[in-house]
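[1] quick one, structure for this:
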Amino acid sequence: MEEPVQGKDPWLQQWLPLISARAGGLPILELGCGAGRDSAVLAGQGHAIVGLDISSEAIARARQRVPSARFFVQDLRAPFPVPGPFGVAIASLSLHYFAWEETVRLAELIHASLRPGGALLCRLNSTNDVHYGATGHPRIAENYYLVDGQHKRFFDRAAVEQLFSRGWTMLGLEEKTVHRYEHPKMLWEVSLERS
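    Here you go, the predicted structure:
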């Protein structure tokens with residue numbers, strides 16, 4: 001996927017009050033932290049960050065950007081290197097690479113890592129995301145495609161609700177168009193509370 005355009009898509013700004021309220025002094029778990037753009041925003045608010053990403057190059061950039069954070073190179077489906085509990089988990093466009101059963105298991109892993117009342121903020125590819133793979137690619141399964149050699153899942157409202165149907169209270173669910181990359185991107189922005 002294209003590298004985000006710096007200064008665009010400041011999505012976390014609106015969530016900072018919720019993040020501060022739910023963090024409860026505990027670290028924030030950032031899944032798919034990439035080069036640390038969101039990590040820097042969170043660290044700038046005084047939060048401790050534990051960031052995970054499969055790309056060693058991205059983690060190297062994140063470590064330079066946010067030296068105070070703890071970053072780990074790993075697949076998100078592996079056991080988290082820091083057991084938690086966490087007050088908040090962030091997963092911006094990082095939960096869409098996996099088969100459905102693995103995605104469900106990852107949501108359960110996130111749930112187990114949060115304190116009761118902790119929050120998950122995530123963004124998921126929308127089935128309307130035509131510029132970034134929701135159409136015209138080899139189908140692996142329902143709304144799951146091989147896009148330029150990479151597995152990518154796309155979500156409709158029903159799939160988002162199904163993914164978070166057990167153990168979560170939905171605080172917000174909105175389909176949005178963001179201008180993070182060269183072309184507009186459609187995604188779901190989801191806020192949840194661990195029940």
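[2] quick one, helices of this structure?
    Under the criterion DSSP state H, the chain contains helices at 16-23, 37-44, 56-65, 100-113, 157-163.
[3] please work out which of these is packed deepest.
    Most buried of the helices of the chain by mean neighbour count (mean count of other C-beta atoms under 10 Å) is helix 37-44; its value is a mean of 20. For every residue, glycine as well, the C-beta is placed using N, CA and C.
[4] do you know which of the helices of the chain lies nearest Leu29?
    Relative to Leu29, the nearest member of the helices of the chain by C-beta to C-beta is helix 100-113, separated by 6.2 Å.
[5] in the protein, where is pLDDT below threshold?
    1-7 (pLDDT under 70).
[6] what about the strands in it?
    Using DSSP state E, the strands assigned to the chain run over residues 28-31, 49-53, 70-73, 86-92, 114-125, 139-141, 144-147, 150-153, 168-178, 185-194.
[7] quick check, central residue of the protein?
    Residue closest to the average C-alpha location in the chain (C-alpha atoms, centre = their mean): Ala91, at 1.4 Å.
[8] Leu120 is in contact with that one, correct?
    Yes: Ala91 lies in contact with Leu120 (C-beta atoms under 8 Å); the separation is 7.0 Å.
[9] just give the closest residue to Thr103, not the sequence neighbours.
    Closest residue in space to Thr103, ignoring its immediate chain neighbours: Leu95 at 6.1 Å, by C-beta to C-beta, 6 or more residues apart in numbering.
[10] surely the one you found meets Leu31?
    Yes: using C-beta under 8 Å, Leu95 is in contact with Leu31, at 7.3 Å.
[11] common neighbours of the two, please.
    Common contacts of Leu95 and Leu31 (C-beta atoms under 8 Å, 6 or more residues apart in numbering): Leu76.
[12] before we move on, back to that, shared neighbours, Ala91 and Leu120?
    Contacts common to Ala91 and Leu120, judged by C-beta under 8 Å, 6+ apart, are Ile110.
[13] what's near enough to touch the residue nearest to the centre of the chain?
    So Ala91 contacts 30-32, 110, 120-123 (C-beta under 8 Å, 6+ apart).
[14] go again with 6 Å.
    The contact partners of Ala91, by C-beta atoms under 6 Å, 6 or more residues apart in numbering, come to 31, 122.
[15] partners of it in the sheet?
    For Ala91, the beta-bridge partners are Cys122 (DSSP bridges).
[16] where's it relative to Trp188, distance?
    12 Å (C-beta to C-beta, to the nearest Å).
[17] ok, Thr103 next?
    Thr103 sits 13 Å away from Trp188 when distances are taken as C-beta to C-beta.
[18] please apply the same query to Asp38.
    Between Asp38 and Trp188 the distance is 17 Å, computed by C-beta to C-beta.
[19] not counting sequence-adjacent ones, nearest residue to Pro81?
    Closest residue to Pro81 apart from its sequence neighbours, by C-beta to C-beta, 6+ apart: Phe72 at 4.7 Å.
[20] equivalent analysis for Val82, please.
    Val50 (4.9 Å).
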